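**Q** using only what follows, build the 3D model:
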Amino acid sequence: MRVLLVDDHQVVRRGLRTFLEVQGDIDVVGEAGDGDEGVARAEELRPDVILMDIKMPGADGISALRKLGELGNPARVLIVTSFTEQRTIVPALRAGAAGYVYKDVDPEALAGAIRSVHAGHVLLQPEVADALLSQEFSGGGQGRGNALTEREREVLTLIADGRSNREIARALVLSEKTVKTHVSNILMKLDVSDRTQAALWAVRHGIGAPPEA
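**A** As a prediction, this is how the structure comes out:
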């Protein structure tokens, strides 16, 4: 896995690089000190996973996430930050982050988080999951799930498992176009804006596996 480190503290980047470089399956391909540089390096290096801080001088992590999305950069972004407030967690996930962990995470757990995000899963520490699975964030109760068809529930289960549209299509023997239609209907019926929120809603209501920690 090719990994890019984006953090404004050089000592943090150095510590991450030192640890990750002893992992046999992780190759740190570059570093950046702010969001703008991170986006530029991501476009240049095309990493598989980006470890990104939230608060940085200039462009912050959320701005960088949005820019990466606009550019269609395929890198999976794992937020690694000391900020624990829901007001920073939610925008990061809505901007496209594939995971969110705190900087005090155990080093081995961080390596596992990188592998999990690379595999396509939504990765949240337990404390983050607790914040996001609150009634405030989920925005509704089980009643919305009653509007889902049986097929939509099957698709939602696979979304919660971190499957892509192509993987869902193969698993359910459907065309990708049909899966996209089901996903759009699910987002509309659950009144959520993206797949991450749909996955979190599913877990809260007993559909699919919990986000990994």
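
**Q** what's the longest helix in the protein?
**A** Counting by DSSP state H, the longest helix found in the chain is helix 176-190.

**Q** quick one: average pLDDT of the helix or strand containing L200?
**A** If you go by DSSP states H and E, L200 is part of helix 195-204. Average pLDDT, helix 195-204: 80.

**Q** what about dumping the CA coordinates of it to CSV?
**A** In CSV, the C-alpha atoms belonging to helix 195-204 read as follows (Å, rounded to 0.1, in the frame of the first residue of the first chain):
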residue,chain,number,x,y,z
ARG,A,195,-22.8,6.1,1.5
THR,A,196,-20.9,6.7,4.7
GLN,A,197,-24.0,8.1,6.4
ALA,A,198,-26.1,5.2,5.0
ALA,A,199,-23.6,2.7,6.4
LEU,A,200,-23.7,4.3,9.8
TRP,A,201,-27.6,4.4,9.7
ALA,A,202,-27.6,0.7,8.8
VAL,A,203,-25.3,-0.3,11.7
ARG,A,204,-27.3,1.8,14.2
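
**Q** quick revisit: tell me the angle the longest helix of the chain makes with helix 195-204.
**A** 60 degrees (axes from the mean of the first three to the mean of the last three C-alpha atoms, to 10 degrees).

**Q** could I get the full set of strands for this protein?
**A** Along the chain, the segments classed as strands by DSSP state E run 2-6, 27-32, 49-52, 76-81, 99-102, 123-124.

**Q** show me what counts as buried in the second one.
**A** This means strand 27-32. Neighbour counts using 16 or more other C-beta atoms under 10 Å place V28, V29, G30, E31, A32 of strand 27-32 among the buried residues. Every C-beta, even on glycine, is put in place using the N, C-alpha and C of the backbone.

**Q** what sits closest to D7 if chain neighbours are left out?
**A** D53 (4.4 Å; C-beta to C-beta, 6 or more residues apart in numbering).

**Q** pLDDT wise, what is that neighbour at?
**A** At D53, the predicted lDDT confidence score is 94.

**Q** returning to what we had before: mind putting the buried residues of strand 27-32 into CSV with distance to L110 and pLDDT?
**A** Shown next, in CSV, are the buried residues of strand 27-32 (distance: C-beta to C-beta, whole Å; pLDDT from 0 to 100):
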residue, distance to L110, pLDDT
V28, 13, 95
V29, 17, 96
G30, 18, 96
E31, 16, 96
A32, 18, 96
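
**Q** and these as a markdown table, adding distance to H121?
**A** Below are those laid out as a markdown table (distance: C-beta to C-beta, whole Å):
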| residue | distance to H121 |
| --- | --- |
| V28 | 21 |
| V29 | 22 |
| G30 | 24 |
| E31 | 25 |
| A32 | 24 |
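
**Q** quick revisit: which positions within the longest helix of the chain qualify as buried?
**A** So helix 176-190, judged by 16+ other C-beta under 10 Å, has buried residues V179, H182, V183, N185, I186, L187, K189, L190.
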